[in-house]
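# Build me a model:
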Amino acid sequence: MRSLVLALGILASGPALATGLEIDVKGVANGTITIDLLEDVAPGHVAQITALAREGAYDGVVFHRVIDGFMAQTGDVEFGRAGGDMRRAGTGGSNRPDLKAEFSDLPFERGTVGMARSQSPHSANSQFFIMFAPAPHLNGQYTVVGRVTGGMEIVDKIRRGRGPNGAVTGAPDTMTRVRVID
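Numbers count the residues shown, from 1 in each chain. I've put the predicted structure just below:
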């Protein structure tokens, strides 16, 4: 039945939104992280993430900001490529427009995936972060896009950054391949 519903959705309104991502990680952490995307909570953000993943834009992008006990951030498809100038990692986005905030009442708990943004609530683009621990101060302030459903032990091993902003120097862990799963 689900196949029929998906097929009808594709015929009626174009491609259906994906239900998740598989992220292969290499570095200090090695393995695959599975994320369930919440298209009913943040449809615009999920559409942007899945489009970028399908294009291969996330392949080779590093975890540039990792704060122990808080979160691991990645997704800078402009300046966050492995082997690039890591001083600029975290300052870029994609060639797609920034997104209007899709805040919800879902809490930022361990394993929650949220969209990174600047001071403007409507500035999320391609970067996202995965929570190591609950952070209630983020609730209602950032868009929740998904949850880790497999590989949290891989997330826990991602190389940590230093200093107050968690910048990762040297050889950050890399998303070698990001796949959309239905």
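# Could you use CA atoms for every contact and neighbour count after this?
Fine.
# what pLDDT does the residue nearest the centre of the chain get?
Most central residue of the chain, judged by C-alpha distance to the mean C-alpha position with CA atoms, centre = their mean, is residue 128 at 3.5 Å. As predicted, residue 128 sits at a pLDDT of 98.
# where does the closest residue to it other than its chain neighbours fall, phi/psi-wise?
When the adjacent residues along the chain are set aside, residue 128 lies closest to residue 115, with 4.3 Å between them (CA to CA, 6 or more residues apart in numbering). Phi and psi for residue 115, reported as degrees, to the nearest 10, are phi -90, psi 130.
# Now for residue 115: which residues touch it?
45, 124-129, 142-145 (CA atoms under 8 Å, 6 or more residues apart in numbering).
# out of the residues you listed, who's nearest residue 102?
Minimum separation from residue 102 among these (CA to CA) is found for residue 143, which lies at 5.4 Å.
# my guess is that closest one meets residue 42, correct?
Yes - the criterion here is CA atoms under 8 Å, and residue 143 meets it with residue 42 at 7.2 Å.
# Compare these two and say which one has the larger neighbour count.
Remark: of residue 143 and residue 42, residue 143 carries more neighbours, 28 against 18, as counted by other CA atoms under 10 Å.
# Can you check the pLDDT for the residue lying closest to residue 135 once chain neighbours are set aside?
Taking CA to CA, 6+ apart as the measure, residue 135 lies nearest to residue 108, with 5.5 Å between them; neighbours along the chain are not counted. The predicted structure scores residue 108 at 98 on the pLDDT scale.
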